[in-house]
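Student: Quick check, what structure comes out for this input:
(2 chains)
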2 protein chains.
Amino acid sequence: MMEKNGNSLVFKYQTLFYNNRQILSYATNEAFAFIGQGDENIKMYRGNFKIEDYVISRIPLNHFEITETSDSFIFNLSSNGQESLLKIKASLDSFGRLILNLTVSEDSYNRLWLRLPAQAEDKIYGCGEQLSYFNLRGQHFPLWTSEPGIGRNKNTMTTFKADTQDQAGGDYYTTNFPEPTFISTEKYYCHTNSYVYADFDFRNADFHELQYWGIPESLIFETAETYKDLLVKLTNLLGRQPGLPEWTDQGLLLGIQGGTARTYETVDKLRKAGVKIAGVFCQDWEGTQQTSFGKRNFWNWQWDPKLYPGLDTKINDWKKEGIRFLSYINPYLVNTSELYLEAANHNYFARNHDGDIYLVDFGEFNCGVVDFTNPAAFNWFKNLIKTNLIDFGCDGWMADFGEYLPIDVVLYDGSDPMIRHNQWPMLWAKCNYEAVKESDKLGEIVYFMRAGTAGSQQYCPMLWAGDQSVNWSLDDGLASTIPAALSVGMTGMGLTHSDIGGYTSLHGNVRTPELFMRWAEMETFSPFMRSHEGNRPTENFQVWDDDEAIHHLAMCTNVFTDLTSYRQAVVRENTELGIPVKRPLFIEYEADKAAYDIKYEYLFGPDVLVAPVYDECQATWDVYLPDDNWIHLWSGVEYQGGNYTIEVPIGQPAVFYRKNSAYADVFETITDKY
Amino acid sequence: MMEKNGNSLVFKYQTLFYNNRQILSYATNEAFAFIGQGDENIKMYRGNFKIEDYVISRIPLNHFEITETSDSFIFNLSSNGQESLLKIKASLDSFGRLILNLTVSEDSYNRLWLRLPAQAEDKIYGCGEQLSYFNLRGQHFPLWTSEPGIGRNKNTMTTFKADTQDQAGGDYYTTNFPEPTFISTEKYYCHTNSYVYADFDFRNADFHELQYWGIPESLIFETAETYKDLLVKLTNLLGRQPGLPEWTDQGLLLGIQGGTARTYETVDKLRKAGVKIAGVFCQDWEGTQQTSFGKRNFWNWQWDPKLYPGLDTKINDWKKEGIRFLSYINPYLVNTSELYLEAANHNYFARNHDGDIYLVDFGEFNCGVVDFTNPAAFNWFKNLIKTNLIDFGCDGWMADFGEYLPIDVVLYDGSDPMIRHNQWPMLWAKCNYEAVKESDKLGEIVYFMRAGTAGSQQYCPMLWAGDQSVNWSLDDGLASTIPAALSVGMTGMGLTHSDIGGYTSLHGNVRTPELFMRWAEMETFSPFMRSHEGNRPTENFQVWDDDEAIHHLAMCTNVFTDLTSYRQAVVRENTELGIPVKRPLFIEYEADKAAYDIKYEYLFGPDVLVAPVYDECQATWDVYLPDDNWIHLWSGVEYQGGNYTIEVPIGQPAVFYRKNSAYADVFETITDKY
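Tutor: From the prediction side, this is the model:
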């Protein structure tokens, strides 16, 4: 037995116990580790991946010998009781974390399956941003950053059309932000220190099986008495998102396109109608190109003075009027652009095996991939952000993409693209982070990303939930953003939001006013309110075209600003402790068994419960309230814990606050006002 | 080295050579066998299976020791050079066949993967009836008897609808008739003596990997100088289909339903219009029930005098008029029927684990499964065929189904349903065979089956290609019957045909007159002509409703009868030698490299080449002719080998005969007549 900081590590009953949790067990005489060889077949088409594995061997390591040293248990695992094929060294680091260090006898082994003991009733959360499941038990989750998929459910017509027309349908596990990190209801977290392709299988009753395409350096565990303490410990390890600039509290970040005049006129119209606007998000500030998917940005990261005449001066005028300007960037450059030529001349792009620039198809246009493993390229791109965005006056931007690193690319530093692929979004976050930091603008500027992984906690101040379809589907519509926020929150990313109104309009999906309004009223209870025109703006509903929706949005933004003091406290909790802003019910109500399976409600901070209306034409909505005294935000009616059917007219989603909240007066004001 | 009957077995260069073919090789220091454990998850819904495997272990047997005895080479394979886990005994049997006998050290191993050396250019044929691929190289083929699937291509809307509405869409490999038997262009056959679930993987450049869920007793190989000789040898091993009753040469077997009067009136109408009819196939002779799939038969295997009044006497009157009566039967009994009660009283049904009769859902009605492992049940059902079908006067019947044995059934003899499942169609064929044989009617009666496997060659005189959709789709329409016939022909079943007009009308597919006519003119060049009304007769085109189609069918049946002398010779070649009636071009033209990849043309016997028109609205059709002198059947124009575009008006599919055929006069007569 060994101890550190109150943490204990014991080997008994053929089982390694860490703070009384079973971590590795041979008690049933079944191997807990398997090594082998696989030969993967991976095809990428516009960020969607078809991944197959031919498992050549999977050798159960049926025997182990254990050695206890002064500060570790060393397992030597073999298939036959003789030559050790895998060594696992279990020790406590200075914080008392359990570290399992893995080393393999032969490099030719490129597959590892590790089983952690489980109880049938255990639930699992995390693994990054998961949009279809919150409790991950009962499914397996390939962990590979990619396009999120259109439809994300093989039984829907949207997915079928997306698959057959564009190979783009996705599935329940496709995500921009996978991470090999999860929390068990045994009250431990498990984080894998590696970016290899992984597939975590939570389908078995008595074990979780973690598959890795490569041997991870280590697995890290901690335990705690409460989930909040566990999140504090997890974010101590992974880092925490910084807070948000205060100006984001001023209202909506309006997604708008089409140039200087249109932007200003639209803001003016909405403001006059009472909509509070903190800024504009103009993704086409660099100009546009047309594709069959819709109008796409011209990926050359500098102001387009033709589409945005005078923006260089107006950006400051607008700031004085309280309109911050947010632009757009991603880590690729279209091969018809000026900046592409510059990067190409400096050899800043990743290459193919013929030594040419690797051009990636982003949908009817091709781009070079800025090679972040080349320090000169990384710095060049960072300086581009500083010069063309920060110095230009942008107060924020969407830092889009990051998922498209091809696996057959040749990188500057010779590293393996199979490992770099999942890491890339973190490098992309880091590039943004350093640009802002070196410009001394941390806390003043905000950028938001959809892709991420371990490390994003530190480098990405704001996530958004990717490109939902403009519909009510569970796996790809409004609803999917809720488990997305909850699961990524359980992975240490507590600041996330989504495109109000959704994004992807394809295969017959078109945004309705109702969808926009339901989405807006959900995102009112969010750290950040931002809308988007979507991929096909002219074919879809836009709020400024409809007085009822404008009025509704005005109300939402007013509630949002009314909530500022509370929201700032909640965001601070995330910044300081890593407790997410949108949080699952059970981390506040641990004793409530029902709370652990609720994936379409969330707590907005400790005191506000939100049950968004995620289906159309709903006059009432079924809500579960944990055991507490709750006040219905709109009526002031008091409820106890239980199941209720609540009236939910447009503009009044099912929202409750805790009666004895320290911010009760803030909420009462809202009840009185609306 | 050992020799028998001119066959040699040698071990050299770390490789086992059989007649100079590499069979097992360790020349590259890579394991050729892997054993392990799997935990399958199999769900059946109305004959469609969802099959998943969790491979717990897959141990490469990297070491072997070889012992040569007087008549065998014995490989002892291990993972570590020590304890032998798998023993392979290679020997020649009295015919000179190579037999690989497999034994495993521990029963707990339930997975085996065996690699046979391959060359990149090798092609593979067979594996039973394969409807999407003829050359199997480049795909893997799960071998498990099931519904064939509706659509059979995940990219088609039919498949999507069938999958999402009924779990019934199927895939490229779903088939009623899988068999672990194939022929390589290395000119060997490989047959596995086992009915376990298998998956043969022909995707790799330098090996074929045969996966078995259980340890097969043996693998059997033979080689030959020609493919025809190889088929002779294969059918020496597997058995051969008997020939056909002469009355089947008299014309069409008309698929018709709805009772005595309608049957006779329709025959009368068609005959008066010149259609040659050999018999009627009345699948509803036992009465009907209605389901949402369409009108279904009432599964109680005896004449329904209400729907077919007077059939007991008319059956003989009709026979005198040259109209044979063919009925319908399958090995299940609906639980609302009289015969079900009788079988239940005798304990003739398979049971579930609770000891109750296992009821299988066949689509809105439930049936008991007659337990063929119970000799009393087998005999009872055989006697039912004798009494209710043969003695009643039926000259044939469709012996439908056989694929639905659930894997969680409890069988009389305690045997494993996972093995019995694939074997069941053979037992079902055997039951029919014995009934006919014991009635002394072999050669007078014909029954036709869609399900099959090894053993069917001996017990099933006629196959049909299952339930095609009534459309032009490659994977599930008219076209699919061509690779189906070719592949099953390469597995030793040379007598097969298909439903003229197709069968399944669902999800928007409705039979057109053109489809019916193209199908009829293809099946003119077939051992057997039989039509079907389809699953939804009233919604689909029926030939008797259209004068043009009747005229066309009259022509087809006349050509069919004109071809009798040639067809009888071709059928005899199958009966005596196992050379299929519909045969791939390359077995007659081995030197022709292009012939090996042609899957939508066939030779009807040695002298007639048929390129069916399998798409709609085609005025011309592209045809490949091997190097020979060919006469276009309809025009008499002569062609040499090569690619041609041929005029194909309705009624004149692209058909050619060899100029120097011994039956040239027969074909000339047809050219002159039509």
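
Student: from here on, contacts and neighbour counts on C-alpha atoms
Tutor: Fine.

Student: Quick check on residue A:533: phi, psi?
Tutor: Per-residue torsions, residue A:533: phi -70, psi -20 (degrees, to the nearest 10).

Student: Please, where are all the helices along chain A?
Tutor: A:157-166, A:227-238, A:260-272, A:311-320, A:338-345, A:375-384, A:417-438, A:456-459, A:481-489, A:513-523, A:547-562, A:564-577, A:664-673 (DSSP state H).

Student: and stretch A:119-128, what's its mean pLDDT?
Tutor: Mean per-residue pLDDT for stretch A:119-128: 98.

Student: That stretch: how far from the chain's middle?
Tutor: Chain-centre distance of stretch A:119-128: 18 Å, with Cα atoms, centre = their mean, to the nearest Å.

Student: Please apply the same query to stretch A:411-431.
Tutor: On Cα atoms, centre = their mean, the centre of stretch A:411-431 falls 18 Å from the chain's centre.

Student: Check which residues of stretch A:1-11 are buried.
Tutor: For stretch A:1-11, the neighbour count (16 or more other Cα atoms under 10 Å in any protein chain shown) marks A:2, A:4, A:7, A:8, A:9, A:10, A:11 as buried.

Student: In the stretch 501-650 of chain A, what residue lies closest to chain B?
Tutor: Nearest residue of the stretch 501-650 of chain A to chain B: residue A:507, at 14.1 Å (Cα to the nearest Cα).

Student: Go ahead and confirm that residue touches residue A:162.
Tutor: Yes: with contact defined as Cα atoms under 8 Å, residue A:507 reaches residue A:162; the gap is 7.4 Å.

Student: Skip the chain neighbours and tell me the closest residue to the residue of the stretch 501-650 of chain A closest to chain B.
Tutor: Of all residues not flanking residue A:507 in the chain, residue A:158 sits nearest, at 6.0 Å (Cα to Cα, 6 or more residues apart in numbering or on different chains).

Student: Which elements pack onto the helix or strand of chain A with the lowest mean pLDDT?
Tutor: Lowest by mean pLDDT, DSSP states H and E among the helices and strands of chain A is strand A:294-297, with a mean of 80. When contacts are defined as 3 or more Cα pairs under 8 Å, 6 or more residues apart in numbering or on different chains; DSSP states H and E, strand A:294-297 packs onto strand A:288-291.

Student: hmm, back to that, check the helices of chain A for me and report the most buried one.
Tutor: Highest mean neighbour count among the helices of chain A (mean count of other Cα atoms under 10 Å in any protein chain shown): helix A:481-489, with a mean of 30.

Student: Centre of the chain to that one, how far?
Tutor: For helix A:481-489, the distance to the chain centre is 8 Å (Cα atoms, centre = their mean).

Student: And stretch A:526-539, by the same measure?
Tutor: 18 Å.

Student: end to end, how far does that stretch reach?
Tutor: Stretch A:526-539 has its terminal residues 27 Å apart, counting by Cα to Cα, to the nearest Å.

Student: burial measure for the closest residue to residue A:657 other than its chain neighbours, as a count.
Tutor: Distance criterion Cα to Cα, 6+ apart; nearest residue to residue A:657, sequence neighbours excluded, is residue A:608 at 4.3 Å. Look at residue A:608: counted by other Cα atoms under 10 Å in any protein chain shown, it has 23 neighbours.

Student: isn't residue A:608 right up against residue A:658?
Tutor: Yes: Residue A:608 is in contact with residue A:658 according to Cα under 8 Å; the separation is 6.5 Å.

Student: Residue A:259 contacts residue A:285, doesn't it?
Tutor: Yes: Residue A:259 is within contact range of residue A:285, at 7.4 Å (criterion: Cα under 8 Å).

Student: okay, and the common contacts of these two?
Tutor: Residues touching both residue A:259 and residue A:285 by Cα atoms under 8 Å, 6 or more residues apart in numbering or on different chains: A:307, A:308.

Student: These two - which one has more neighbours?
Tutor: Under the criterion of other Cα under 10 Å, the comparison of residue A:259 against residue A:285 puts residue A:285 first, with 27 against 19.

Student: And the pLDDT for that one?
Tutor: pLDDT, residue A:285: 97.

Student: Residue A:186 too?
Tutor: 98.

Student: Excluding covalently adjacent residues, which one is nearest to it?
Tutor: residue A:122 (6.7 Å).

Student: Around chain B, pick out the residues from chain A.
Tutor: Proximity of chain A to chain B, by Cα under 8 Å from any Cα of the partner chain, involves residues A:34, A:56, A:57, A:58, A:59, A:60, A:80, A:155, A:160, A:164.

Student: any idea which of those residues is closest to residue B:117?
Tutor: residue A:56 (15.8 Å; Cα to Cα).

Student: Next one: the residue sitting furthest away from the middle of chain A from residue A:76, what distance?
Tutor: What lies farthest from the middle of chain A is residue A:82; by Cα atoms, centre = their mean that is 44.3 Å. Counting by Cα to Cα, the separation of residue A:82 from residue A:76 is 10 Å.

Student: next one: residue A:146
Tutor: 36 Å.

Student: Looking at these two, which is more packed in?
Tutor: More crowded of residue A:146 and residue A:76, by other Cα under 10 Å: residue A:146, with 25 against 22.

Student: my guess is the more buried one contacts residue A:173, does it?
Tutor: No: between residue A:146 and residue A:173 there is no contact under Cα under 8 Å: 10.1 Å.
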